[in-house]
Structure formats: C-alpha cells, structure tokens
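**Student:** what's the 3D shape of this:
(one chain, ligands or ions: 1)
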Amino acid sequence: MPLDLPAGITLDEGPGGLPRLTVATDLCTAEMYLHGAHLCRWQPRAEPHPVLWMSRSSRFEAGAPIRGGVPVCFPWFGPKAGDPAAPAHGVARISPWTVDRVEIEPDGTAAVSLTLASDARTQAVTPDQFALTFTARLGGTLSMALTVENRGQGPLTFEEALHSYVAVGDVRTVGVDGLAGATFIDKTDAMARKAEAEAPITIAAETDRLYLNTSATVTLTDPGLGRRLRVAKSGSLATVIWNPWIAKSRAMPDFGDDEWPGMICIETANAADNAVTLGPGGRHTMTAMIDVSRLG
Ligand code: BG6
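**Tutor:** This is a model prediction of the structure:
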C-alpha cells in the first residue's frame, strides 16, 4: 500500500536499494532506513555540521548492519551469550521494519514510527517473541523511543541499545561529562569492573566501556566542531562510550582506517546487569534525547 506522506518527508531507495525516508523541514534534515529502523542523519537547520556520524565504508545491504547513525540493538548487546555465531547486537538492526506512522506535528517536528515483530526469520536466530516500536521525533532536537513488548508465554529477558554514533571534530580533544563515579565494564581490559575517576572523560586509546546503573545525562563538549551535545535518557540504566581507535578500525571492513578520530559512540542502553525482564504482555520503553548547542 503506498504511504501517504506529509510534505517534507519522502520515501525512496537509498544505496543498496534499501527503502529510505528523507526528512527536509524548517527544523531539520534527516534520513532513516526501514532496514534496522536506522536513523543515518539528523541535522538541525541551525547546526552547520551533521550530528550523527556515518562511515564512508558502511555496507547498505539486507542482512548486514549499517555503520554509523543510530543502530537499534536488540535483544542482546554485543555478542550473544553462549552463541558466538549469532549476529552481534541482535536481530533488530539487520531486519526490515515496517512504517507505522509518519507525521508532522503542530510544532513542525517530523515523527516517524516503525515496527518490527518477531517472525520465522528472527526465530531462526532467537526464540524470543516480541513486538518493537521505534519512534524518532526529528526537529531542532532529536528524541528517540524504543518500546519492547513481550509477546511470548513466559518471561522475556533482553538487552537493548540506541547505539548513537556522534560526529566530532577530533575525538582526542572532546570531553565527556556525566559519568564520574559510575562503575563500568572495561571491554578493552578483560571485562574488568572499574569506577570512573576521570571528569570529563577524555579519549586517548581504544575505549569500550559499559557504564552500569546510571540514568545520568551525558554531555559531550567538542571544541573541534564548536558545539556541545547532551544525551538525556529515560528507561535506561546503562550507557556505553566507544571509540575503536587505530587497530580495531583497521580490523573492521565497514569502517574506514582513518575515520576513528571523527566519531564517538554515546549509547543509551540496558545491558549486562541492567538487562530488562518483562512478563508476558509486559512493555518497556527506553528513550534518548539529543540536543546541540554552539560553544560560546
Ligand atoms: C559497541 C560495543 O557498542 O559496539 C563494541 O561496545 C563494539 O564492543 C561496537 O565493537 C561495534 O559493534 P559492531 O557489531 O557494530 O561492530
């Protein structure tokens, strides 16, 4: 059935023939793929640089994740426990989603909702039975909500992340505030648990940290692009900070060798100790809100 889209939003095919919604309103420009419900671009009109980072080497193909933007990770984060052959970060980011609602709200915000329900294809990878709704509200600020409903007969335990890749001038010059004192799992140090002692956090090596039991807003100060970005959240107790640095970038085929200085991931998540369990019919919503301001 053809979609009835409001002025300012179009549907076409992007690279790899993947269906893509493009937003161009008075408030922002944005791009979202139905593949993975993957937001690849968001840029408020007043902001001179794209907010989300995208790799020039990203794949755009059914069954593969897109590198950059905001991958939706579900129902596990990273490798699946006990099943190293399962796709990293779950099935949501490599599945085709369905458009549920596209509208321009009275204040000019474009609201796009996509859904994904477990089916024979997801159950070939995981027995979990679920219905997901991802809503992005795209305006001068970005707000994203991921709702999970347990459609199974028993409890559903899952991990999830809105794995936001943020574009930065040079990651070696940014500061990340909001996580001081939080305990993190250091994936670059055999999963050792540590308390964050640095404030602001700076990036001077491969960084892959899963902060636990924190609902704090994270603030990124980026002198290179002259801006400050805030990531606020609800329904999320974990935050991930990731930069692959030199060797890991080289090892990833869909990530340019020289691209690592231009990005940092600030991920709104529930993972590890903060995995979520829902009873049959239970629902859970996690949100992430991003706003950008110029440094004075
Ligand atoms: C981060 C993880 O969230 O995602 C890292 O903490 C991982 O360990 C990174 O390397 C990228 O994952 P992927 O599967 O997209 O290459």
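**Student:** How much space separates the residue nearest to residue 56 when sequence neighbours are not counted from residue 57?
**Tutor:** Of all residues not flanking residue 56 in the chain, residue 256 sits nearest, at 5.4 Å (C-beta to C-beta, 6 or more residues apart in numbering). The C-beta positions use only the backbone N, C-alpha and C, and glycine is treated the same way. For residue 256, the distance to residue 57 equals 5 Å [C-beta to C-beta, to the nearest Å].
**Student:** In this structure residue 240 contacts residue 267, no?
**Tutor:** Yes: counting by C-beta atoms under 8 Å, residue 267 is a contact partner of residue 240 at 3.7 Å.
**Student:** who has more neighbours, those two?
**Tutor:** Shown here are residue 240 and residue 267; by other C-beta atoms under 10 Å, residue 267 has more neighbours (27 against 24).
**Student:** Does that one touch residue 160 like I think?
**Tutor:** No: judged on C-beta under 8 Å, residue 267 makes no contact with residue 160 at a distance of 10.0 Å.
**Student:** which residues do those two both contact?
**Tutor:** residue 73 (C-beta atoms under 8 Å, 6 or more residues apart in numbering).
**Student:** ok, back up a step: who touches both of residue 240 and residue 267?
**Tutor:** 161, 163.
**Student:** residues in contact with the closest residue to the ligand within the stretch 51-200 of the chain?
**Tutor:** Nearest to the ligand in the stretch 51-200 of the chain, going by C-beta to the nearest ligand atom, is residue 88, at a distance of 3.6 Å. Each residue near residue 88 by C-beta under 8 Å, 6+ apart is listed here: 65, 78, 79.
**Student:** Just put the residues you listed in a markdown table and tack on pLDDT and neighbour count.
**Tutor:** Output for the contacts of residue 88, formatted as a markdown table (pLDDT from 0 to 100; neighbours: other C-beta atoms under 10 Å):
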| residue | pLDDT | neighbour count |
| --- | --- | --- |
| 65 | 98 | 22 |
| 78 | 98 | 17 |
| 79 | 97 | 13 |
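**Student:** Relative to residue 100, which of the residues you listed is nearest.
**Tutor:** Comparing the contacts of residue 88 against residue 100 with C-beta to C-beta places residue 65 closest, at 21.9 Å.
**Student:** Need the three-state assignment for the closest one.
**Tutor:** Following DSSP: H, G, I helix; E, B strand; the rest coil, residue 65 is assigned to coil.
**Student:** Quick check: it touching residue 59?
**Tutor:** Yes: in terms of C-beta under 8 Å, residue 65 counts as a neighbour of residue 59; the distance is 7.5 Å.
**Student:** Mind listing the strands whichever strand in the chain runs longest pairs with, and their directions?
**Tutor:** Longest among the strand segments of the chain by residue count, using DSSP state E, is strand 283-294. Here strand 283-294 has these sheet partners by DSSP bridges: strand 142-150 (antiparallel), strand 227-234 (antiparallel).
**Student:** Any chance of JSON lines for the ones you listed, columns mean neighbour count?
**Tutor:** Formatted as JSON lines, the strands paired with strand 283-294 follow (neighbours: other C-beta atoms under 10 Å):
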{"stretch": "strand 142-150", "mean neighbour count": "21"}
{"stretch": "strand 227-234", "mean neighbour count": "20"}
